[in-house]
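Colleague: Show me the folded form of this:
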Amino acid sequence: MSATAAPVRVLVADDQKVVRDGLSLLIGMLPGVEVIGTAVDGTDAVRQAAACVPDVVLMDLSMPNCDGVEATRQIAGCQPDVRVVVLTAFADDDSVFAALRAGARGYLTKDAGAGEILQALSAVCAGEAQLDPSVQRRLVEAVVSGGPPGGPRPPSAPAGPPDGLTERELEVLTEIGAGLSNAEIADKLNITGATVKSHINHLLAKTGSRDRGQLVGYAFRHGLAA
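Modeller: Numbers count the residues shown, from 1 in each chain. Here you go, the predicted model:
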């Protein structure tokens, strides 16, 4: 994050006070980040997001009254410019998949360090998805199978993407599936970062994907990543 840019405004939502306070303290110490409020459950998160319009809501999945998935759905539906990064205590939490479908843009486990949190905030504010490595494979498998994590995989994959992708777009998509960042893709394919972003925008439009996380799933589904 640029030192001259406006700080990323974050709302922390967690029903456990010790976790909520700890996250607020940790995030408040990150460069270029400002905690603008804390919410005690999903209903409170939706209310505060509407009132304060944060850049990012760091959302616990398991909360009373209104859980993180439903709160994410409501925020994404009413405030599409507010990014939601969900927090899960365990990498095998099936609610992560539901949160993806609800509109979450990032995923972290609760043992994430300051650097991982800052990376997630930076990524979602840049319009990218941020998947914790420990949950990425389960999410990809779920997208591939079309069902919940741990469900059956399809018997076979199509021969190739059917959406009129160009050869260069296929190359970029393959590297996205391999987990490379935009800068790494640009370096590997010897193109500019702006060109990579342009190809990704085309990929999103052609494949009907909402974000980078869904492009990863698309790449796996069509045999472009392993």
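Colleague: When you work out contacts or count neighbours from here on, use the C-alpha atoms and nothing else.
Modeller: Fine.
Colleague: which one is residue 62 nearest to, not counting chain neighbours?
Modeller: residue 68 (6.1 Å; CA to CA, 6 or more residues apart in numbering).
Colleague: distance of the one you found from residue 28?
Modeller: 22 Å (CA to CA, to the nearest Å).
Colleague: is it true that the residue nearest to residue 62 touches residue 74?
Modeller: No. Under the criterion of CA atoms under 8 Å, residue 68 makes no contact with residue 74, lying 9.9 Å away.
Colleague: Looking at the two, which one has more neighbours?
Modeller: Set residue 68 next to residue 74 and count neighbours by other CA atoms under 10 Å: residue 68 wins out with 33 against 18.
Colleague: need the contact list for that one.
Modeller: Going by CA atoms under 8 Å, 6 or more residues apart in numbering, residue 68 touches 41-42, 59-62, 86, 99.
Colleague: and these as CSV, adding pLDDT and secondary structure?
Modeller: As requested, those are exported to CSV (pLDDT from 0 to 100; DSSP: H, G, I helix; E, B strand; the rest coil):
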residue, pLDDT, secondary structure
41, 94, coil
42, 94, helix
59, 94, strand
60, 92, strand
61, 88, coil
62, 87, coil
86, 89, strand
99, 80, helix
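Colleague: for the residues you listed, which one is nearest residue 183?
Modeller: residue 86 (25.3 Å; CA to CA).
Colleague: what's the spacing between that closest one and residue 127?
Modeller: For residue 86, the distance to residue 127 - CA to CA - is 16 Å.
Colleague: Of those two, which one has the most company?
Modeller: residue 86 (26 against 13).
Colleague: Quick check: phi and psi at the residue nearest to residue 62.
Modeller: phi -60, psi -30 (degrees, to the nearest 10).
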